[in-house]
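Colleague: model this:
(chains A and B)
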Amino acid sequence: MNINRCIIIPAFNEEKQIASVVDGARQVSDADIIVIDDGSEDRTVERAGRAGAFVIRHPFNMGAGVAIQTGYKYASENHYDCLLQMDGDGQHHPAHIPDMFSMVENGQCDLAIGSRFLNHNGYQTGALKSAGFRLFRTIIRIITGESITDPTSGYRCMNRKVFQYFTADGYPWDYPDANIIIDLHRMGFKIAELPVMMAPNPEGRSMHRGIFKISHYIFSVFLSILVTLLRKKSGL
Amino acid sequence: MTPHQKIFAISVSLAIFVVIIALVRNRKLRAEYAWLWLLTGLVVFVLVVWYDLLVALTALIGAVAPTTTLFIFSIIFLVFISLHFAIKISRLSNQVKNLAQKISLLEAGKERSSGKKTE
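Modeller: Purely as a prediction, here's the structure:
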């Protein structure tokens, strides 16, 4: 059976890395590569297009969560069977793409998460962030009984059922992290992890830097988890 | 309540009415929101004219002075109005997001069907 695959890459001002990310993905997979430009002000669109990606452009910047959901909607409308998402900053090593696709396509799981921490591969992170990861892991384990070592990883692969589910209006586009994993588990989706290598962000940029931002992020995801649990089991 | 205070409070409530009606008339404020502000003016007016109600309310909530009651209710009103706008903003953000995504996907669909890769 011919499987229709796509790789979605959300990008915002990633002109330095985007071409190499697209190239890296293309070298290991025959999937369609779709870059979702989230209102970049630099040459991201041009470089991604030249590298051979199909580019979807947001009219203005709306955040990574919205860009990812645009990818889900595009994949859903264009009848893809399997979708892989990876960051546009070069953090995610493309070598794991085939393994992630196989995990989902073989029916091992509905959602495969690339984990930085599964094999203790030496990924370093700050104390506060590390505490946040531990907190989310514990919450997920208590609620779902499953051990997810990297609930905030943006390196994920999923089947059509999952990304179609994510196109719903209730998708938490502001913080689609641990709360999403809990929600998927409640809806009966199968989640599995595989160990991946992740590089630190090339320019040291991150969505979650500084005590205030990290604390705000942890609090917001915590709140989203609570809201997910308070909702009826009717989905997003 | 002294006549001075009464005149001031009635003037404030009438000013609220006039400003709101003028804003709605000039299409600067939608009628959907006008009722909330008109209600504010009405409440101020009722409390000034019916001072005993304010005194009764003061006794009911255990406040010492009627002015405290007015302040408490003003703050509660402002909290509710902020909440109302927060709900509206959340809904509008979602609608703007959906609209922007729709535009992006329509453009992408057009490009895809014409077989043109983005340069």
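Colleague: Show the contacting residues for the most centrally placed residue in chain B.
Modeller: Centroid-nearest residue in chain B, with Cα atoms, centre = their mean: B:Ile81, separated by 4.8 Å. Counting by Cβ atoms under 8 Å, 6 or more residues apart in numbering or on different chains, B:Ile81 makes contact with B:Leu36. Heads up, the C-betas are built off the backbone N, CA and C, glycines and all.
Colleague: go on, B:Ala9?
Modeller: B:Met1, B:Val44, B:Phe45, B:Leu47, B:Val48 are the contacts of B:Ala9 under Cβ under 8 Å, 6+ apart.
Colleague: likewise A:Asp42?
Modeller: Neighbours of A:Asp42 in contact, by Cβ under 8 Å, 6+ apart: A:Asn13, A:Glu14, A:Glu15.
Colleague: Is B:Gln5 inside a helix or a strand, and which specific one?
Modeller: helix B:3-25 (DSSP states H and E).
Colleague: Can you spell out which helices and strands pack onto the helix or strand that contains A:Phe163?
Modeller: Secondary-structure assignment from DSSP H and E places A:Phe163 in helix A:160-165. With contacts defined as 3 or more Cβ pairs under 8 Å, 6 or more residues apart in numbering or on different chains; DSSP states H and E, the packing partners of helix A:160-165 are helix A:64-77, strand A:82-85.
Colleague: how distant is it from the center of its chain?
Modeller: The offset between the C-alpha centroid of helix A:160-165 and the centroid of the whole chain comes to 14 Å, using Cα atoms, centre = their mean, to the nearest Å.
Colleague: host element of A:Ile34?
Modeller: Following DSSP H and E, the helix or strand that holds A:Ile34 is strand A:32-37.
Colleague: contact partners of that strand?
Modeller: Taking Cβ under 8 Å, 6+ apart as the criterion, the residues outside strand A:32-37 that touch it are A:5-12, A:18, A:22, A:25-26, A:44-45, A:48, A:52-58, A:67-68, A:70-71, A:74-75, A:80, A:88, B:104.
Colleague: if we can go back for a sec, right, and the helix or strand after the helix holding B:Gln5?
Modeller: Taking DSSP H and E as the definition, the helix or strand that follows helix B:3-25 towards the C-terminus is helix B:31-49.
Colleague: tell me the angle of that next one relative to helix B:3-25?
Modeller: Here the directions of helix B:31-49 and helix B:3-25 differ by 170 degrees (axes from the mean of the first three to the mean of the last three Cα atoms, to 10 degrees).
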